[in-house]
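> structural data only, the sequence is not supplied:
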């Protein structure tokens, strides 16, 4: 299971997200802003930040649970408009329970300034479920 | 300004999001699930759903305000795991104020079932700002 | 169980919340702004609005599920500052699943204007649990 | 202005919330669970936790800004059901900007365990506004 969790998704590859650390207590990943990740004003698209929260939070939950998890709610706050550079995402557990988890994901720029902060709620699925084994 | 708002972003093109209706009271857009939009279990990546909420909500707010807007908070709830097909996103205004807006975005599948529901909060920027004119 | 669900809590009594309709598809309740529900500027305290979302959403979920539910996340957006009058809260189901529910609660003033909109996520507990039977 | 900010509201008194520390970088407050703060199962009502997030976050923002602020969004996650004891709420700034602020509020029990975590978004009002000076 944790093999799956550690495997970048197709969508992560599209964004260029690369995991640099993966433990039961948190995941660190990085990506670089490219033109294709921008919105019409030339700023990094907020959806990319949500997506990074989603990927990093999901990986964190799957590694800790050692089983399949699915996101139920993603709330990402945007703090600082960003145009270029490499951003770092780092997850911290808020709650890791029997049926649900809640993870905090901070995304910072090269100067360590907070760009976005997300909270991802996950449901822990039955480990015997074969969902999604595509 | 509304030209910008109606222009798909680079990131929207990456997702394949196509606007089918664009009015001051709401935007409708569609996209088709492709392998590159999936997470490791073969399900549509939650970040794509957040991104569609972000794009459709931002376009809605920019068209109504007729000026630049920026997302401050995106809260997307995931209702139904989806693997394939064409999804439709439709925005509805919750609040359109002098300095802030709040939009609801529903994403449904081909059978009309709710796949995700997002709320996007926007800040209305000064119309004389030249931010982001890249 | 639904007896409990329909029973106003001590805290509801403190707020003065009165249920006027209670069905599996939604609950309607009302309360009147009193000085003790205000914050220092004389405006209705936002926490009261969150509390009404919590009560009305929880009752809705308990009646539909016909068993004990517990709130896991309450996200309330404040739309319009209000000082006086009787407000009406009405819930609508977004999702009613096997293990979780998501309810929307709109709070409006006497003119039908939206004062606050909340989303309450609930976990359905095991019906055999005796939790909280105090 | 900061006098107002530091003044407990009528609603805070109803809950029994007492501020123990008030600085520009965060506020600490405490309250004790009484029967009137419970929901029908005998557990602390989630709305009380949201209300404490609202009060502590609003006080924090008003003290830092040194002017009137108004809550626009309160998202509180409930981590641990609690029946009795004295809880402590502590705020930490996520973002303090020219027009908006975002505060994190953690509520813990006597053993230091996390009971709820909230994020409160505030709009900074014009300092010359006389809103709410009732």
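Perfect, thanks for sending it. Predicted, not measured: the structure shown is a model, and the values here were computed from it.

> so what's the most centrally placed residue in chain A up against?
Of all residues in chain A, the one closest to the mean position by C-alpha atoms, centre = their mean is residue A:56, 2.3 Å from it. Applying C-beta atoms under 8 Å, 6 or more residues apart in numbering or on different chains, we find residue A:56 in contact with A:17, A:27-29, A:89-91, A:105. All C-beta atoms are positioned from the backbone trio N, CA, C, and that covers glycine.

> go again with 10 Å.
By C-beta atoms under 10 Å, 6 or more residues apart in numbering or on different chains, residue A:56 lies in contact with A:12, A:17, A:19, A:22, A:26-29, A:89-91, A:103, A:105-107, A:118, A:120.

> let me see the backbone angles for it.
Torsion angles at residue A:56 (phi, psi; degrees, to the nearest 10) stand at phi -70, psi -40.

> grab the nearest non-local neighbour of it.
Counting by C-beta to C-beta, 6 or more residues apart in numbering or on different chains, residue A:56 lies nearest to residue A:89, which is 4.7 Å off, once chain neighbours are set aside.

> show me what contacts that neighbour?
Contacts here follow C-beta under 10 Å, 6+ apart; on that basis residue A:89 touches A:17, A:19-20, A:27-31, A:49, A:52-53, A:55-57, A:105-108, A:115-116, A:118.

> likewise residue A:88?
Residue A:88 neighbours (C-beta under 10 Å, 6+ apart): A:20, A:28-31, A:52, A:106-110, A:112, A:115.

> enumerate the residues of chain A near chain C.
Counting by C-beta under 10 Å from any C-beta of the partner chain, the positions of chain A adjacent to chain C are A:72-73, A:75, A:95, A:97, A:99-100, A:102, A:119, A:121, A:123.

> TSV for those residues, including pLDDT?
Below are the residues of chain A next to chain C laid out as TSV (pLDDT from 0 to 100):
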residue	pLDDT
A:72	98
A:73	98
A:75	98
A:95	98
A:97	96
A:99	95
A:100	97
A:102	98
A:119	98
A:121	98
A:123	97
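
> mind giving me the PyMOL select for those, buried ones only?
Selecting the buried subset of the residues of chain A next to chain C in PyMOL, with 16 or more other C-beta atoms under 10 Å in any protein chain shown as the burial test, is done by:
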select buried, chain A and resi 72+73+75+95+100+102+119+121+123
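
> biggest separation within the residues of chain A next to chain C, which pair?
Within the residues of chain A next to chain C, two members stand farthest from each other by C-beta to C-beta: A:75 and A:99, at 19.4 Å.

> show me which of the residues of chain A next to chain C neighbour chain B.
Filtering the residues of chain A next to chain C for proximity to chain B (criterion: C-beta under 10 Å from any C-beta) leaves A:72-73, A:75, A:119, A:121, A:123.

> break down chain A into its helices, ranges please.
Secondary structure of chain A (DSSP state H): helices located at A:2-6, A:10-15, A:46-65.

> contacts only, for residue A:46.
By C-beta under 10 Å, 6+ apart, the contact list for residue A:46 reads A:39, A:76-78, A:81, A:116, B:11, B:50-51, B:53-55, B:57-58, B:70-74, B:120.

> try it again at 6 Å.
Neighbouring residues of residue A:46 by C-beta atoms under 6 Å, 6 or more residues apart in numbering or on different chains: A:78, B:54, B:71, B:74.

> narrow the residues you listed to those in strands?
Judged by DSSP state E, the contacts of residue A:46 include A:78, B:71, B:74 as members of strands.

> any chance you could map the strands in chain A?
Ranges of strands in chain A, per DSSP E, are A:18-23, A:26-32, A:69-78, A:86-96, A:100-108, A:114-124.

> buried deepest among these, which one?
Stretch with highest mean neighbour count among those: strand A:69-78 (a mean of 25; mean count of other C-beta atoms under 10 Å in any protein chain shown).

> that one pairs with which strands, and in what direction?
According to DSSP bridges, strand A:69-78 has the following sheet partners: strand A:114-124 (antiparallel), strand B:69-78 (antiparallel).

> now it against helix A:46-65, angle please.
Computed with axes from the mean of the first three to the mean of the last three C-alpha atoms, to 10 degrees, the direction of strand A:69-78 lies at 140 degrees from that of helix A:46-65.

> not counting sequence-adjacent ones, nearest residue to residue A:43?
The shortest distance from residue A:43 to any residue other than its chain neighbours is 4.8 Å, reached at residue A:81 (C-beta to C-beta, 6+ apart).

> for chain A, which spans come out with low pLDDT?
By pLDDT under 70, the weakly predicted segments of chain A are A:1-8, A:129-134.

> coming back round to it: residue A:42 is in contact with the residue nearest to residue A:43, correct?
No: with contact defined as C-beta atoms under 6 Å, residue A:81 does not count as touching residue A:42 (9.6 Å).
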